[in-house]
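*Asks:* With the sequence up front, the predicted model follows.
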Amino acid sequence: MKVLKSYGNGIKEATLRPKMIFVLWLINFLFASVIYFLVFGLLSDVIGKRAIADSLLKKFDYNVLFELLAHSGESIKTIFSVALFLIFIYFLISIFLHGGILFSLTYPPKLNDVEDKKGRFAQIFFQGAGKFFGRFFRLFIYSLILWVVFIIINILLNLLGRVFTADGSNEQLGFYLVWVRIGIGLFLLFLIRMILDYTRIKIVTEDSRLVFRSLFKTIKFVFQKFGRTLALYYLLLVSAIILFGIYWVLKSIIPTYSLLTILTAFIVGQLFIASRGWIKIAFQAAQLKFFSLEISKAD
Amino acid sequence: MKKTFLPVLFCLFAFSQVSLASMSKHIVDYRIKAKLVPEEKAIIGEEILTWLNDSEKPILELQFHLYLNAFQNNRSTFMKESKGAHRGFKLDKENWGYTEIRKIQLVDGTDLISTMEYIQPDDGNIDDQTVMRVSLPEPVPPHKKITLYIEFYSKLPKVFARSGFHKNFFMVAQWFPKIGVLWNGEWNCHQYHRNSEFFADFGVYEVEITVPEEYVVGATGTRIEEVKNNDGSKSYTHFQEDVHDFAWTACPDFEEFREKFTLESPPVNTEIILLIHRSHLSQKERYLSSLKNGIEFYSQNYGAYPYPTITLVDPPLGALGAGGMEYPTLFTSMTFSWMPKGIYISEMVTIHEFGHNYWYGMVGSNEFEEAWLDEGMNTYSEIKAMAKYYGEDRSMFNTCGLRISDFALQRAQVIGSGRMDPILKNSWEYYSSGSYGLNSYSKAGLVLLTLEKYLGEDVMSEIMRTYFDRWKFKHPTTKDFIAVAEEVSGQDLGWFFNQVLSSPDKLDYAISRINSRQVKEPQGIFKGKKEADEGIQGRESRQKEELYRNEVVVERKGEWIFPQEILIVFENGEEIREKWDGRERWKKYVYFKPYKLKSAQVDPENKVILDVNYTNNSRVLKAKKVSPLKYALKSMFNFQNILSFISF
């Protein structure tokens, strides 16, 4: 019941925060637009002045991709370097934004007073972002321990797989083991992300500066309520997958052969990116609600 | 030992009889008894070799390949060149391989082992023992035969390069003392190299293979006898003439499937033998179907497949180092039990390796010295066969929206390559194994596709058919192929082959500039009445309609020269096709028209497959923004998703 209540609350809270969704989308858009300009510049130079541009509009041709890789390697390397740099900066900014999201979601005094929040959204959001950046960054550093454990488990699974398939005689088993490893890997990936979500929630709700202790206590919390925390997380994950499915269907019915349809597809794509922001807020809000319910019950 | 002499005489008799009806000149005749000793991973063998001196001079020494000695230590030429790895598979240092000659003598009992000497004709590496010679007490006169008796012990390596074992799977190839080729009066007997396959004379092979009875055996040729022995073993005798090698395989985990395959035109009647590892039974139909496609394609395009059998061997996982290799009437392919349907790698390997029965098996070119004659021709054939049976634009991948052809992948390797080597080079002398593969396979395949586009499909088809027909069961060289191509096409093609086979350069033509400028009225001083009158007349005529000076500049960016066709399109839809011999560095075309240019394109039908850059082949006057926009927005959207994921 708590799981469903938290899930519903998360969806509702996220829906009530269009400005927050807009901020998340806008920052994402601005970062990605750098890649747009670089790729557009390259493609305009390589194919824009060529007759092949027309056929590419209708159908993608791998020959062109191979030629691009062969003859514009340096430009592509530059774009990849810029992309890596952007990913790094964006990652830091996302740590910053996390504080804003959670602080806004927990901001007293009137969480449900939308009108009250409207006027002060930016102030509250960025206040929270600034306030918790240092703590969340430390959390990221501490979380490396979890990621190291994640990597070690994966290596062990790999070695275990090799024990069974070392001589190559059991090909089917090897094939299934790969899928099992992928499944376990994804499970652990989501588990760590969930633990970090709850740690951030704990830090914000308790205004705690004891980051490592919060992480440790959250691990305990998650494993104590393992079934329910997991159920809520996967419920939200399924929602994200449904969103992706809707986007996929919309995308596949829009033929991108003209400027108008290309722009339409792009707008649909941006709505999907915005919906990812929405689901991200829903994740935080739902888990926050669940955490509050569990803590209040414990109290 | 004595028991073997009677059969020798019989063999000699049989040899001379068989030769009368054979397709090739039988230079060699091997009668081998081989016993697999699984626990030793070894073959104990006896070999009776009859060799014909087909030259005009007496021969005092014989040279032999002992290929397995490439695997006997880390200092062999193969090991030095490969650093103990081949196609991504690595040497197991616990399991070396070698061939030990235990006895070598003439039929009269004259021992030759004391005259045995290892030689290194290619690199002088004294640690390499893959070639040996024996001196004869008396020379073999021209056009006379000599018969030798050899006992040998061949220890197989753990398979990583073609031959060897993996658990209970045995791929027994390059396994017996094999005489070199006396070619143009000299021994052509190269060492075993990292980047080379093989070369041998045609003849007759009769091999008795003894294995524990639970083993399933496949081998070159037709099985003529199967005997169950008292010691729990079985002996299988295989016979094949008109081949230049013999390979076999044994594994208790093989399932054997036999199926007749016939074609009416050209007449083909052969038996397909599929030896598939139990773990791959789900792939049985894919193997059979692709092999049938291969037999049909090669038979219809080059000549009927003449042998009574073709054996497809499917190695297990762990023995993929044995996969994708050809031997006469037997080849190995590769697959996985989970191979998705839209990924045609095992189909491609099956068709490719079967195809070697033509360009290596029957047309016996020297792969040490001119690998392209086999690998290049076979890549060309494979690209065409894959396109025919699996789709022009999806012959390699057709899954999850991914459609890539075999041709596209081969071309991608060529356009992205350096200029280190020409195609024509000794295999072991290439800059790297990558360069060997690129030049012998992909680039050579594209050379033939370019030639096909240049001469026309019918002419090219006739060239390939004539070349196969004329040179099957012989040892042709590049010159022989060029001679056939020139004869059939009726053209001098030296200009083409000299460039593409002997130079490492590239072919690249581009439209480097197009523009349309309105012709302005004459201004300034025109001396003399005539010029002034012309000026007035010109001005009057131009006042009626605008005139544009349309200019197209075509550039040769690569070193190779190839005739080009240029398509010029004007705004009103008018098209002009120009022919250019492509010799100069650039060529300018100017047209005065009352309308502007729309586009110009060199090689508009993409006939020049060797052109390494198609994207510079055309130019439009007005740049197109929509297509770059589409893909730039897609890239942006994908990047947005990556950003969303890392912050999730």
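*Replies:* Yep, it's here.
*Asks:* distance of the spatially closest residue to residue B:322 that is not a sequence neighbour from chain A?
*Replies:* Distances taken as C-beta to C-beta, 6 or more residues apart in numbering or on different chains put residue B:171 closest to residue B:322, at 3.9 Å, once the chain neighbours are dropped. (Glycine included, C-beta is placed from N, CA and C.) Separation of residue B:171 from chain A (C-beta to the nearest C-beta, to the nearest Å): 14 Å.
*Asks:* again with residue B:506
*Replies:* Applying C-beta to the nearest C-beta, the value for residue B:506 to chain A is 11 Å.
*Asks:* And for residue B:419?
*Replies:* Taking C-beta to the nearest C-beta as the measure, residue B:419 falls 13 Å from chain A.
*Asks:* so who does that residue touch?
*Replies:* Going by C-beta atoms under 8 Å, 6 or more residues apart in numbering or on different chains, residue B:419 touches B:504, B:505, B:506.
*Asks:* In a markdown table: those residues, plus secondary structure.
*Replies:* Shown next, in a markdown table, are the contacts of residue B:419 (DSSP: H, G, I helix; E, B strand; the rest coil):
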| residue | secondary structure |
| --- | --- |
| B:504 | coil |
| B:505 | coil |
| B:506 | coil |
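*Asks:* Show the buried residues in these.
*Replies:* Those of the contacts of residue B:419 that meet the buried threshold are B:504, B:506, by 16 or more other C-beta atoms under 10 Å in any protein chain shown.
*Asks:* residues contacting residue B:569?
*Replies:* Each residue near residue B:569 by C-beta under 8 Å, 6+ apart is listed here: B:575, B:597, B:598, B:599, B:600, B:601.
*Asks:* make it 7 Å
*Replies:* Contacts for residue B:569 (C-beta atoms under 7 Å, 6 or more residues apart in numbering or on different chains) come out as B:575, B:598, B:599.
*Asks:* Same check on residue A:272?
*Replies:* Residue A:272 neighbours (C-beta under 7 Å, 6+ apart): residue A:247.
*Asks:* Kindly report the same for the one 4 residues further on.
*Replies:* Neighbouring residues of residue A:276 by C-beta under 7 Å, 6+ apart: residue B:644.
*Asks:* wait, is it part of a helix?
*Replies:* Yes - under three-state DSSP, residue A:276 falls within a helix.
*Asks:* What separation do you get for it and residue B:126?
*Replies:* Distance of residue A:276 to residue B:126, given as C-beta to C-beta, to the nearest Å: 67 Å.
*Asks:* Is the residue nearest to residue B:322 within a helix or a strand, and which one?
*Replies:* Per DSSP states H and E, residue B:171 falls inside strand B:169-172.
*Asks:* what do you get for residue B:554?
*Replies:* Per DSSP H and E: strand B:548-556 holds residue B:554.
*Asks:* helices and strands around that strand, which ones?
*Replies:* Counting contacts by 3 or more C-beta pairs under 7 Å, 6 or more residues apart in numbering or on different chains; DSSP states H and E, strand B:548-556 is packed against strand B:509-518, strand B:564-570, strand B:586-593, strand B:597-602.
*Asks:* what's the closest of those strands to residue A:202?
*Replies:* Proximity to residue A:202 (C-beta to C-beta) singles out strand B:509-518 among these, at 62.9 Å.
*Asks:* Could I get the contacts of residue B:419 in a markdown table, plus columns for pLDDT?
*Replies:* Output for these, formatted as a markdown table (pLDDT from 0 to 100):
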| residue | pLDDT |
| --- | --- |
| B:504 | 95 |
| B:505 | 95 |
| B:506 | 94 |
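*Asks:* okay, the contacts of residue B:419 in a markdown table with distance to residue B:115 next?
*Replies:* A markdown table is the format used below for those (distance: C-beta to C-beta, whole Å):
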| residue | distance to residue B:115 |
| --- | --- |
| B:504 | 43 |
| B:505 | 48 |
| B:506 | 51 |
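*Asks:* which one of the contacts of residue B:419 sits closest to residue B:307?
*Replies:* residue B:504 (37.7 Å).
*Asks:* one step back: and the strand holding residue B:171, average pLDDT?
*Replies:* For strand B:169-172, the mean pLDDT works out to 98.
*Asks:* Show me what it pairs with in its sheet, parallel or antiparallel.
*Replies:* strand B:164-166 (antiparallel), strand B:248-251 (antiparallel) (DSSP bridges).
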